[in-house]
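In: Here is my input, please return the structure:
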Amino acid sequence: MKLLLGLGNPGPKYDATRHNVGWWALDRLAYDWKFDSFRKTASGLVSEGVVAGEDVVLVKPTTYMNRSGAALRPHLGREGFAVSRDLMVIVDDATREAGRLRLRPSGSAGGHNGLKSVESVLRHEEYPRLRIGVGRPPEGGDLVSWVLSPMDAEDEDQVLAVLAELSPGLETWMRDGLEAAMNQLNR
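Out: So this is what the prediction gives:
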């Protein structure tokens, strides 16, 4: 089983914000892979299906960004599930230009509270994460205000364009492993 955790915040107030790009990505993947609608669970919205011969679970935590890791707990004990092989966390990145992707097998949270929450549940940093650039805040701008604001049209177009490339790249991850997906997605 592959688990894709897209970080974001629940509620219409956050739908269009930079911080919800992880949710945007899962919406696009569910559409591309023709999954059923997301259904409510105790800690998230979940959609499931089969991709590249793998059972795939898409999870949008509804615990708010700072407690995103809680949505992982129900899935970690599944038989045969290995975090380093079967988990993919998809998250916004305010240190990268809009639409730039960075897939890595591990690393630090880099100040991202959603990733810090995931790491507090896993108790390590050894899990794959796909960062989607949402643009850098203006010089001297407040980071929190930046990620909780909607993108301008140009940045949004860049992000939406790259979301269309995620499904083939993540299918490569499922079939051929992380390194092959990194070669395909990273730019």
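In: Phi and psi next, for residue 158.
Out: Torsion angles at residue 158 (phi, psi; degrees, to the nearest 10) stand at phi -60, psi -40.
In: can you tell me how far it sits from residue 98?
Out: 4 Å (Cβ to Cβ, to the nearest Å). Using the backbone N, CA and C atoms, a C-beta is placed for each residue, glycine as well.
In: Compare these two (neighbour count), which wins?
Out: residue 98 (24 against 19; other Cβ atoms under 10 Å).
In: Looks like the more buried one contacts residue 133 (just checking).
Out: Yes: using Cβ atoms under 8 Å, residue 98 is in contact with residue 133, at 5.5 Å.
In: Between these two, which contacts overlap?
Out: Shared contacts of residue 98 and residue 133, defined by Cβ atoms under 8 Å, 6 or more residues apart in numbering, are found at residue 159.
In: Would you map the strands across this protein?
Out: Assigned by DSSP state E, the chain shows strands spanning 2-6, 39-40, 44-51, 54-61, 87-93, 101-104, 129-133.
In: is it possible to export the ones you listed to TSV including mean pLDDT?
Out: Below are the strands of the chain laid out as TSV (pLDDT from 0 to 100):
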stretch	mean pLDDT
strand 2-6	98
strand 39-40	96
strand 44-51	97
strand 54-61	97
strand 87-93	98
strand 101-104	97
strand 129-133	98
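In: Out of these, the one nearest residue 32 is which?
Out: strand 44-51 (9.2 Å; Cβ to Cβ).
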